[in-house]
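In: coordinates for the following, if possible.
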Amino acid sequence: MTKQSDLMEELLDNANIPALSFSWCQEDSRHAVAWGKRDTSAPSPVDTRTLFQAASLSKPVSAAIILDLVDQGKWNLDNPLADIADYGPLELSQDPYYRTLTTRMVIGQCSGLANYGQDGDDGTKFIAPPNTRFTYSGVALDFLQQVVEKKTGEKWEEIAQDFFKKANMKRSTFSPLPDGLLKGARLEVAKAHMKNVPLPLLQDDSRGVLAGGLLTTAKDYISFLQYCFKNDYLKSTLLTGTLSALPPTISPETSFVQWGLGMGVYSDQEKAIAFHWGNNSGSISFCAMDMKTGDCVVNFSNSMNGPSVFQLVAEPIVGDIKPLFQWLSDYCSFNDKSPAKAPDTIATTVHSIHALARKERIDKNDEEKNRFKQSVQQVIGSDIGPGIFSNAKKAEGTKKEAFNPAPP
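Out: Numbering: from 1, shown residues only. You can find the predicted model right below:
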């Protein structure tokens with residue numbers, strides 16, 4: 001019989017990826033699959049407890065943490081950041097837009113500030129007037145973190161861990177984990193790879209940031225998405241937001257992509273899908289959620305390959321999202337960076353992984369039902385059992401006589 005490990009080994013080999021970790025929730029049934037090597041230069045197997053760089057999947061989590069503070073009455077989305085605390089370099093404070101930037105603009109990705117790698121990523125200038133167009137910016141989130149930490153007197157990791165408890169995220173951190181420990185437990189982290197060559201570990205100061213510093217597992221991230229879906233405030237802000245008040249993304253490929261308060265929203269005539277992607281050097285990720293059903297999926301890989309696999313894993317859960325992946329490929333350069341060995345077989349393997357997970361779930365349910373039936377039979381056949389059931393029948397008969405007295 002085909003095993004999950006065999007299928008994952010085949011998928012990794014054909015897709016040319018060191019390690020993959022998937023998790024999905026469909027009709028309230030959760031599944032998690034992980035396989036491969038944390039580090040191709042050493043024997044280091046991956047499992048569902050292995051941490052991956054979330055990359056920009058950190059942004060929805062950071063937005064949710066901020067929105068949770070708003071929901072507690074501890075933060076305001078529309079107060080100018082400069083009215084709370086100074087942020088950014090001195091040059092930026094001379095810009096006329098400096099005092100107009102708000103939290104809503106930052107997490108809604110229309111801050112007018114640059115992203116890492118763009119002109120202006122030193123944070124010394126606005127590249128567009130705030131709240132006029134989509135300007136995806138990690139720099140803006142850096143400035144928001146400065147203001148939040150100054151105002152609360154807490155480090156971001158402390159604030160994040162309070163939220164993680166609520167969302168049942170037990171193996172997640174924005175900390176660089178220099179000693180590999182979180183709350184006294186040793187955690188293993190998948191190394192990023194370029195062309196299957198492991199990269200040096202990120203410097204301590206390159207993690208811990210709102211835009212891309214989260215380390216987590218696929219299982220934890222599914223818990224996060226489910227928590228947000230079931231939380232009325234987060235569902236109405238993070239997953240949907242005030243889309244009509246935010247500018248749509250500009251793309252020649254599709255007009256179906258807009259931005260909410262923390263996540264993108266892809267919609268067509270049949271569905272609306274909240275989504276986000278992540279792309280650190282050597283680590284990529286993707287998540288999607290059906291906003292009607294709450295069915296969701298998350299994917300992590302420790303290499304630059306994976307988007308094509310991610311699409312195949314996601315579509316059985318959230319439906320056809322080919323236009324979205326076309327937009328991600330063209331507008332965000334989110335595509336595989338080296339050719340797969342056997343691309344034609346990848347879809348078949350992914351289908352088999354899904355089918356096996358469904359079968360395992362059905363088998364587990366059947367096993368639980370059988371155990372329940374056996375326990376009932378044991379009670380009936382025990383010394384206690386017959387008395388319970390006979391007494392119940394006597395009581396039922398007495399009840400009927402009370403309501404059906406014999407004729408006088």
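In: geometric centre of this protein: which residue is closest?
Out: Nearest to the geometric centre of the chain sits residue 221, at 4.0 Å (CA atoms, centre = their mean).
In: OK, contacts around it?
Out: If a contact means CB atoms under 8 Å, 6 or more residues apart in numbering, then residue 221 has 23, 54, 57, 169, 287, 298 as its contacts. (Each C-beta comes from the backbone N, C-alpha and C, glycine too.)
In: would you check how far apart the fourth one and residue 162 are?
Out: Distance check for residue 169 against residue 162: by CB to CB, to the nearest Å, it reads 11 Å.
In: neighbour count winner among the two?
Out: Per other CB atoms under 10 Å, whichever of residue 169 and residue 162 has more neighbours is residue 169, with 23 against 13.
In: ok, the more buried one - contacts?
Out: 163, 216, 220-221, 223-224.
In: and it, that one's in a helix?
Out: No. Under the criterion used here (DSSP: H, G, I helix; E, B strand; the rest coil), residue 169 is coil, not part of a helix.
In: for it, which non-adjacent residue is spatially closest?
Out: residue 220 (4.3 Å; CB to CB, 6 or more residues apart in numbering).
In: and that neighbour, which of the three is it?
Out: When classified by three-state DSSP, residue 220 comes out as helix.
In: that one contacts residue 171, correct?
Out: Yes. Applying CB atoms under 8 Å, one finds residue 220 in contact with residue 171, separated by 5.5 Å.
In: just the pLDDT for the residue nearest to residue 169.
Out: On pLDDT, residue 220 comes in at 98.
In: same question, residue 252
Out: 52.
In: going along the chain, name the helices of the stretch 1-150 of the chain.
Out: With DSSP state H, counting those that start in this stretch as the criterion, the stretch 1-150 of the chain has helices at 4-15, 58-71, 81-84, 90-93, 103-107, 138-152.
In: and of those, who's closest to residue 47?
Out: Shortest distance between residue 47 and the helices of the stretch 1-150 of the chain, using CB to CB, is found for helix 4-15: 10.7 Å.
In: with just CA atoms, put that closest one into CSV.
Out: Output of helix 4-15 as CSV, limited to C-alpha atoms (Å, rounded to 0.1, in the frame of the first residue of the first chain):
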residue,chain,number,x,y,z
GLN,A,4,2.4,9.2,2.7
SER,A,5,6.1,9.2,3.1
ASP,A,6,6.6,7.6,-0.3
LEU,A,7,4.3,10.1,-2.0
MET,A,8,6.1,13.0,-0.4
GLU,A,9,9.5,11.7,-1.3
GLU,A,10,8.3,11.4,-4.9
LEU,A,11,6.9,14.9,-4.8
LEU,A,12,10.1,16.5,-3.5
ASP,A,13,12.2,14.7,-6.0
ASN,A,14,10.1,15.6,-9.0
ALA,A,15,9.6,19.2,-7.9
